[in-house]
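Asks: model this:
(2 chains)
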Amino acid sequence: MQPRLRTPLFDVHKRLGARLIDFGGWEMPVSYPAGTIKEHKAVREAVGLFDVSHMGEAYLRGPTANAVVDKLCSNNVAGAPAGKAVYTLLCRPSGGVVDDCIFYKRGDNDYTVIVNASNTAKDLDWFREHTDVGCDVIDVSDDTALIAVQGPRAIAMVDTLAGGTLAGMTSFTFRDAEVAGVACVAARTGYTGEDGFELACRNVDAVRLWDALLAAAAPLGGLPIGLGARDSLRLEAKLPLYGNDLDDDHTPLEAGLGWAVKLDGRDFLGAEALRAQKRDGLRRQLVGFKIAEETRAIARHGYAVKQNGDVVGVVTSGGPGICVGGAIGLAYVPPALATAGTALTIDCRGKDVSATVVAGKFYKRPQ
Amino acid sequence: MSFPKDLRYTHDHEWLQAHGASWRVGITQFAVDALGDITLVDLPREGDLVTKGQRFGTIESVKSVSDLYAPVSGKVTAVNAALKDAPELVNTEPYGKGWMIEVEPTEKTELDELMNADDYGKHVAAQ
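Replies: The predicted structure is shown next:
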């Protein structure tokens, strides 16, 4: 077994009484003493802190960086203005997904990218494989800590700690900031369906920043949040998870991420396959489904979707709908079964359970 | 982690306690900690027969689903109906209001295979 990797906040998690699990080689908190349900609700109602330092970070820089990024990204990252954070897929020529990630455009030919922890090595290889002279790929994963602050109280709380310098930021923008005296990059992004920030700082400053954030959050009803609630929150917001809902064998169009695929006049890796798929139509689609509370069943990753006894699809994510009731999940199904209101039959460990296809997010935050 | 002295235990992290001719069954604090927040407990009906080592129910936490294995063979004489609406009782009171079923054993010798608190503590420490 590989040695466990630890973030600079590992001792803090132990001090807070977290239950630690192995997550892709990282020893990470799955929950703190409050438990996943209370943590989930704290993010919906107040504010939560997440250590996401296990995620990978890299710089792509040099005279050809714009061209490299444009070739690798399904979204129009290279065309974004400086200061913008852009969600994108990295596709294979087949249209399958290498990873989903967020690019920060600092300026022309100057990008920071944040990738999934379990894919860091694969993604860096992918970048390097498709980079020629003129674009340096610099791995800064081991030097960078990342703390997400999410929830309705997050913006004002972080802005106060930053001396009022962050209030004017719009969604999916970032800027250099000083939060609680710690130099960091503050991005108005997240993975919970709530408003909030993701703060990147140097490893050596991580504990100081975390402690200041937690001290500010506690009186507001805020909590530290483990990976358990991170997963249940992202699912309620219908945000896909690589390895569950996205992988090499499914395209972003099938995953319902067409909004992050900009084909017009562009020629990125996978564009040809995606154009063909758009022209020929999809054979399967990722849909959200809900199982009624009174059914008392939860469909989970890998369970089969059936029709007239045949397996026609598969559940990719599922769990209790902590703030929306019943159970919720995502599944790949044929287009004929993808319309909102369609009844699905899911094989829950040998028991046929009825679920209903729902459009859009399970949870929408009050505007 | 310490475990109540008046209970008997299985390797699958269940506890048993004599209630008249039946034995009350629940899961231990160790199991509860491993599962996290419990959201659904699916139990047999009163009168159902269970077989030692066979699945008698399932327990769903936020993160995962686990089988419950019968610690002894016998007839289910009581089911904790409160868990239907309040599965979190298993988290908050695993040895009290979070009990699951009561079984009247048909094979009394199976009870001899249960561990006392000290032996169960050693079993947990070795995990």
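Asks: Enumerate every residue touching A:Ala167.
Replies: The contact partners of A:Ala167, by Cβ atoms under 8 Å, 6 or more residues apart in numbering or on different chains, come to A:155-156, A:159. In this view, the C-beta of every residue, glycine as well, is placed from N, C-alpha and C.
Asks: Just the buried residues of the residues you listed.
Replies: Among the contacts of A:Ala167, those buried by neighbour count (16 or more other Cβ atoms under 10 Å in any protein chain shown) are A:155, A:159.
Asks: pLDDT of stretch A:299-312, averaged?
Replies: Averaging pLDDT along stretch A:299-312 gives 96.
Asks: and chain B, which residues reach chain A?
Replies: Where chain B comes near chain A, counting by Cβ under 8 Å from any Cβ of the partner chain, the residues are B:33, B:36-37, B:39-40, B:42, B:58, B:60-65, B:84, B:88, B:91.
Asks: And the residue of the stretch 51-200 of chain A closest to chain B?
Replies: Residue nearest to chain B within the stretch 51-200 of chain A (Cβ to the nearest Cβ): A:Thr192, separated by 14.9 Å.
Asks: Is that residue within a helix or a strand, and which one?
Replies: If you go by DSSP states H and E, A:Thr192 is not part of any helix or strand.
Asks: Relative to A:Gly326, how far out is it?
Replies: 20 Å (Cβ to Cβ, to the nearest Å).
Asks: Tell me which of those two has more neighbours.
Replies: A direct count of neighbours by other Cβ atoms under 10 Å in any protein chain shown for A:Thr192 and A:Gly326 places A:Thr192 higher, at 26 against 18.
Asks: re earlier: contacting residues for the residue of the stretch 51-200 of chain A closest to chain B?
Replies: Here A:Thr192 is in contact with A:43, A:48, A:148, A:150-151, A:230, A:233-234, A:237 (Cβ under 8 Å, 6+ apart).
Asks: Give me the contacts around the helix or strand harbouring A:Lys290.
Replies: Element membership for A:Lys290, per DSSP H and E: strand A:285-291. Residues outside strand A:285-291 that contact it (Cβ under 8 Å, 6+ apart) are A:238, A:240, A:245, A:250, A:254-256, A:297-299, A:316, A:321, A:324, A:326-335, A:337-338, A:344, A:346, A:353-362.
Asks: which among the residues you listed end up buried?
Replies: If we count by 16+ other Cβ under 10 Å, the contacts of strand A:285-291 have these buried: A:238, A:240, A:245, A:250, A:254-256, A:297-299, A:316, A:321, A:324, A:326-333, A:337-338, A:344, A:346, A:353, A:355, A:357-358, A:362.
Asks: Now, those residues that are in strands?
Replies: Within these, residues falling in strands by DSSP state E are A:316, A:327-333, A:344, A:346, A:353, A:355, A:357-358.
Asks: can you tell me which of those lies nearest to chain B?
Replies: A:Ala327 (8.4 Å).
Asks: if I read this right, that closest one contacts A:Val315, doesn't it?
Replies: No: under the criterion of Cβ atoms under 8 Å, A:Ala327 makes no contact with A:Val315, lying 10.5 Å away.
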